[in-house]
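**Q** fold the stuff below for me.
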Amino acid sequence: MGDWIQTGLLITAGGALMWSVIHGKRRLRLSQQKDAVKDFQEELRAIEGSAQGLVQQMEVRLHDEMRAVEGRIDNRLTVLDQLILDADREIQRLTVLLTESRRATLIDRELTAEETQRVLDLAEVGFDGKSIARSLGIAEPRVTEVLRQWEPPEQQAA
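**A** Below is the predicted model of the structure:
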């Protein structure tokens with residue numbers, strides 16, 4: 001009877017072994033198929049993720065570059081603003097100097113022969129006494145005196 005028990009146990013163990021082998025192969029095939037689908041899906045996600053990652057990296061680079069350009073533009077605008085302010089100050093200073101020089105009373109002195117000749121030359125061209133005095137920097141009364149003593153060429157011929 002011991003042989004029968006051993007034989008029964010052997011047959012049962014063999015059947016269980018065959019069942020587990022057959023069932024294991026099925027599991028292996030199903031898991032391989034599932035793994036292939038999962039691998040494909042993961043690979044697809046990785047590709048999409050890498051494309052999105054590249055786009056995001058490019059957006060970050062673009063944003064950084066844009067900030068750098070804005071910084072350079074702001075610096076140049078600041079420099080230009082400062083130059084404009086300096087130019088405005090210089091214009092005001094020169095305007096004040098010009099106004100003061102125009103207001104300054106000219107020293108009333110005797111004219112040199114050269115200055116007298118310039119007055120006469122400008123008068124012949126058609127300038128009036130005030131314009132001549134201003135352009136030559138001579139007191140107007142002196143210019144008027146020179147012009148009174150001068151006879152225009154038309155009067156000399158008559």
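
**Q** what about the chain, any weak spots by pLDDT?
**A** 1-2, 21, 24-35, 102-109, 151-158 (pLDDT under 70).

**Q** all helices of it, in order?
**A** Using DSSP state H, the helices of the chain run over 2-103, 113-125, 129-136, 140-149, 153-157.

**Q** any idea how far residue 124 is from the most centrally placed residue in the chain?
**A** Ranked by distance to the mean C-alpha position of the chain (C-alpha atoms, centre = their mean), the top residue is residue 73 at 2.4 Å. Applying C-beta to C-beta, to the nearest Å, the value for residue 73 to residue 124 is 59 Å. Placement of C-beta: from N, CA and C, glycine included.

**Q** for residue 55, same thing?
**A** Residue 55 is 83 Å from residue 124, by C-beta to C-beta.

**Q** near residue 138, how many other residues are there?
**A** Residue 138: 22 surrounding residues under other C-beta atoms under 10 Å.

**Q** ok, it touching residue 116?
**A** No - assessed by C-beta atoms under 8 Å, residue 138 is found out of contact with residue 116, at 9.6 Å.

**Q** with just CA atoms, put stretch 42-53 into CSV.
**A** What follows is stretch 42-53, C-alpha atoms only, in CSV (Å, rounded to 0.1, in the frame of the first residue of the first chain):
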residue,chain,number,x,y,z
GLU,A,42,6.0,54.6,-21.5
GLU,A,43,8.2,55.2,-24.5
LEU,A,44,5.5,57.3,-26.1
ARG,A,45,5.1,59.3,-22.8
ALA,A,46,8.8,59.7,-22.6
ILE,A,47,8.9,61.1,-26.2
GLU,A,48,6.0,63.4,-25.5
GLY,A,49,7.6,64.4,-22.3
SER,A,50,11.0,65.0,-23.9
ALA,A,51,9.3,67.2,-26.6
GLN,A,52,7.4,69.1,-24.0
GLY,A,53,10.6,69.3,-22.0
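
**Q** work out the gap between it and the centre of the chain.
**A** On the basis of C-alpha atoms, centre = their mean, to the nearest Å, stretch 42-53 sits 37 Å off its chain's mean C-alpha point.

**Q** what do you get for stretch 139-148?
**A** 59 Å.

**Q** give the buried residues for that stretch.
**A** By neighbour count on 16 or more other C-beta atoms under 10 Å, the buried set for stretch 139-148 is 139, 142, 143, 146, 147.

**Q** got it, and stretch 118-129?
**A** 118, 119, 120, 122, 123, 127, 129.

**Q** for that stretch, the distance to its chain's centre please.
**A** Put simply, stretch 118-129 sits 54 Å off its chain's centre (C-alpha atoms, centre = their mean).
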